[in-house]
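**Student:** Take a look and give me a structure for this.
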Amino acid sequence: METSDIVAAWERGDIDAAYTWEPTLSELKKTGTVVLDSKELADRGYMTANVDVVHKDFSEKYPDLVSDYLQALDEAVYFYNEFPKEAAEAAAKELDITLEEAVTQMKATEWLTKEEQISAMYLGTKSAPGEFSQVFLDTAEFLKQQSSIKTVPEKKMIDEFIETKYIENIITE
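**Tutor:** Just a heads-up that it's a prediction; the model follows:
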């Protein structure tokens, strides 16, 4: 179910449980109880992640733009880690939400530096794929069981799909 539909389904009584994130989570918590959260799942070995994807043709045509985008994201992570109040104020203004809502949403996410992203715990590198490769495979198997996708890619295909060279490039610059 799309997150935009979860609150309405919850309010109608169509669902008794949901796995979601902010700001939907705060809405459900008004009349519900958190049974399990992403931190607890991660501690049990089940990673949840937000992933940015760019089409291969685009990244090959505009490699500097992809690297610049990743550099900007890393600078935002640095800014949030060093100046969380100012970062939340900027996010609140940009998203037209309250400062409290911005803080709640931002605290619900682990903000990875570029170095952390290519660590073995996350994406890894081309020569040494990280744990996310297995998460990707496990997710595909679950989605297949749910009839959300028709086939599960082979692990090798997933490792080839996860491209870390753009992150590695901004680290070496």
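
**Student:** end to end, how far does stretch 104-114 reach?
**Tutor:** Counting by CA to CA, to the nearest Å, you get 23 Å between the two ends of stretch 104-114.

**Student:** got the phi/psi numbers for the spatially closest residue to residue 24 that is not a sequence neighbour?
**Tutor:** Among residues not flanking residue 24 along the chain, residue 3 sits closest, at 4.9 Å (CB to CB, 6 or more residues apart in numbering). Yep, even glycine has a C-beta here, placed from its N, CA and C like the rest. Main-chain torsions, residue 3, degrees, to the nearest 10: phi -60, psi -30.

**Student:** With residue 151 instead?
**Tutor:** Per degrees, to the nearest 10, the backbone of residue 151 is at phi -140, psi 160.

**Student:** Not including adjacent chain positions, what is the nearest residue to residue 41?
**Tutor:** Nearest residue to residue 41, sequence neighbours excluded (CB to CB, 6+ apart): residue 48, at 6.3 Å.

**Student:** Enumerate every residue touching the spatially most central residue of the chain.
**Tutor:** Against the mean C-alpha coordinate of the chain, by CA atoms, centre = their mean, the closest residue is residue 50 at 1.2 Å. Residues counted as contacts of residue 50 (CB atoms under 8 Å, 6 or more residues apart in numbering) are residue 109.

**Student:** With residue 92 instead?
**Tutor:** Per CB under 8 Å, 6+ apart, neighbours of residue 92: 98-99, 101-102.
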